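Undergrad: return atomic coordinates for the entry below.
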Amino acid sequence: MLRAAASAAAAGALAGCDPHRDADPGAGPVLRASPSGAGHAVPAPVHAARPPTRVPGLPVEIAHGPRDGHAVALTFHGRGDPKLAKALLAEAERAGARVTVLAIGDWLDEQPAMARRVLDGGHELGNHTMHHRNICALPADEAYAEITRCADRLRALTGTIGSWFRPSQAQRATDLVTRLARKAGYPHVLSYDVDSLDANDPGAPAVRRTVLDSVAPGSVVSLHLGHAGTVAALPPILDGLRRRGLRAVTTTELVT
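TA: Numbers count the residues shown, from 1 in each chain. Next comes the predicted model:
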């Protein structure tokens with residue numbers, strides 16, 4: 001049983017922009033300059049990182065995958081206590097599930113080893129901006145910097161800018177943010193059709209109910225690392241999906 005208390009969420013997923021809300025993979029850490037200029041040990045890049053891929057036939061902004069399949073994508077906004085993040089990934093792996101982590105750049109600065117941990121578990125890693133600001137409300141130059149600075153962190157740690165970009169503090173991207181993401185190298189923006197509301201820390205049973213009451217084949221579910229209730233909710237969520245004949249896969253697996 002997890003005994004670590006979840007840290008309070010800085011912000012939940014918002015609807016739209018409304019205010020309501022290549023080294024050897026087996027090598028150990030290497031000393032290199034951090035993005036802030038200080039030298040510290042970070043993991044060597046790994047070969048498992050997927051670069052962004054344009055998927056023909058898909059819209060620029062993706063909210064869900066095919067509705068006639070048997071898969072869903074559980075996507076996690078990446079920030080918070082690394083112990084909770086590792087516990088959640090371990091729960092997913094025990095169940096044979098793969099997830100997508102949209103990492104926040106300043107979290108990667110603090111926890112660079114998490115990039116390797118995500119990828120080594122067979123999961124997928126993407127970009128959720130540098131500081132988790134309300135990107136839809138920012139001027140173009142600041143919004144672009146939020147995207148590219150996180151992309152730079154991902155490239156330094158994994159060799160690519162990550163598979164997906166998801167706007168911060170927004171469920172849907174504005175046209176401007178979509179254009180900036182494409183300029184930064186992301187052909188698609190990743191939205192979602194199921195909000196677990198787990199960032200509000202309602203407790204594991206509530207998170208489980210919210211997800212299972214709304215999920216459908218092809219759903220992209222928004223969840224968060226750094227919350228003990230989410231870790232506790234994951235096994236029953238995965239069991240509920242299995243009982244419905246659904247499996248949790250990475251977003252790339254869902255849409256390709």
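Undergrad: pull out the buried residues from the host helix or strand of residue 207.
TA: Using DSSP states H and E, residue 207 maps to helix 204-214. Of all the residues in helix 204-214, those buried under the rule 16 or more other Cβ atoms under 10 Å are 204, 206, 207, 208, 209, 210, 211, 212. (Each C-beta comes from the backbone N, C-alpha and C, glycine too.)
Undergrad: now the element after that helix, going C-ward?
TA: Heading C-terminal from helix 204-214, the first helix or strand you meet, by DSSP H and E, is strand 220-224.
Undergrad: name every strand pairing with that next one and say which way it goes.
TA: Partners of strand 220-224 in the sheet, by DSSP bridges, are strand 71-78 (parallel), strand 194-195 (parallel).
Undergrad: Throw those strands into CSV and include distance to residue 186, thanks.
TA: Converted to CSV, these look like this (distance: least, Cβ to Cβ, whole Å):
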stretch, distance to residue 186
strand 71-78, 15
strand 194-195, 21
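Undergrad: so for residue 225, which of those strands sits nearest?
TA: strand 71-78 (5.1 Å; Cβ to Cβ).
Undergrad: got the CA positions of that closest one in CSV?
TA: What follows is strand 71-78, C-alpha atoms only, in CSV (Å, rounded to 0.1, in the frame of the first residue of the first chain):
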residue,chain,number,x,y,z
ALA,A,71,-8.1,0.0,-27.2
VAL,A,72,-7.9,3.2,-25.2
ALA,A,73,-5.0,5.5,-24.4
LEU,A,74,-4.3,6.5,-20.8
THR,A,75,-2.3,9.8,-20.9
PHE,A,76,-0.6,11.3,-17.8
HIS,A,77,0.4,14.9,-17.3
GLY,A,78,4.0,14.4,-16.1
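Undergrad: tell me how far residue 241 lies from residue 186.
TA: 27 Å (Cβ to Cβ, to the nearest Å).
Undergrad: all strands of the stretch 1-150 of the chain, in order?
TA: Remark: strands assigned in the stretch 1-150 of the chain by DSSP state E, counting those that start in this stretch are 30-33, 39-42, 61-62, 71-78, 100-103, 124-127.
Undergrad: quick one: strands adjacent to the shortest one?
TA: Sheet pairing of strand 61-62 (DSSP bridges) gives strand 189-190 (parallel).
Undergrad: show me which of residue 241 and residue 186 is the more surrounded one.
TA: A count of neighbours by other Cβ atoms under 10 Å puts residue 186 above the other of residue 241 and residue 186, at 26 against 23.
Undergrad: show the backbone phi and psi for the more buried one.
TA: For residue 186, the backbone dihedrals (degrees, to the nearest 10) come out as phi -110, psi 110.
Undergrad: which residue packs closest to it, ignoring adjacent ones?
TA: residue 165 (3.9 Å; Cβ to Cβ, 6 or more residues apart in numbering).
Undergrad: and for residue 176, the neighbour number?
TA: 15.
Undergrad: which strands or helices does the helix holding residue 207 pack on?
TA: Helices and strands touching helix 204-214, as assessed by 3 or more Cβ pairs under 8 Å, 6 or more residues apart in numbering; DSSP states H and E, comprise strand 194-195, strand 220-224, helix 228-243.
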